[in-house]
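Undergrad: only the shape, not the letters, is given here:
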């Protein structure tokens, strides 16, 4: 398991979660957190409240985009002030908490 990291990051370098992010059910992964994710489009698994969710990573944008599974999107109920905590636990697998 790796050290926890945050989206948006704790240093304020990454963009905050916006209304548009929330509506689209996405997270933007800024430069400071790209190192924690694969560098190609792929499926990722997030574990939230002991349930696994399959989500998709898109890497062709300035920021990587994580497209959240609809059930996970509803479960975490993103707000613009939120900061999510991630911890890598395996290949393309992450613990997620709010």
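TA: Looks like it came in fine. Bear in mind the structure is a predicted one, so any value in this text is a computation, not a measurement.
Undergrad: my read: residue 63 touches residue 28, true?
TA: Yes - between residue 63 and residue 28 a contact is recorded at 4.1 Å, counting by Cβ atoms under 8 Å. Every C-beta, even on glycine, is put in place using the N, C-alpha and C of the backbone.
Undergrad: so between those two, which is more surrounded?
TA: The neighbour comparison of residue 63 against residue 28 (other Cβ atoms under 10 Å) goes to residue 28, with 20 against 17.
Undergrad: avg pLDDT for the helix or strand that contains the more buried one?
TA: Following DSSP states H and E, one finds residue 28 within strand 26-29. The pLDDT scores in strand 26-29 average 93.
Undergrad: in the sheet, which strands lie alongside it, parallel or antiparallel?
TA: Partner strands for strand 26-29, per DSSP bridges, with pairing direction: strand 64-67 (antiparallel).
Undergrad: follow-up on the earlier one: and the next element down the chain from the strand holding residue 28?
TA: Immediately after strand 26-29, counting by DSSP H and E, sits strand 42-48.
Undergrad: please consider this matter closed, and thank you.
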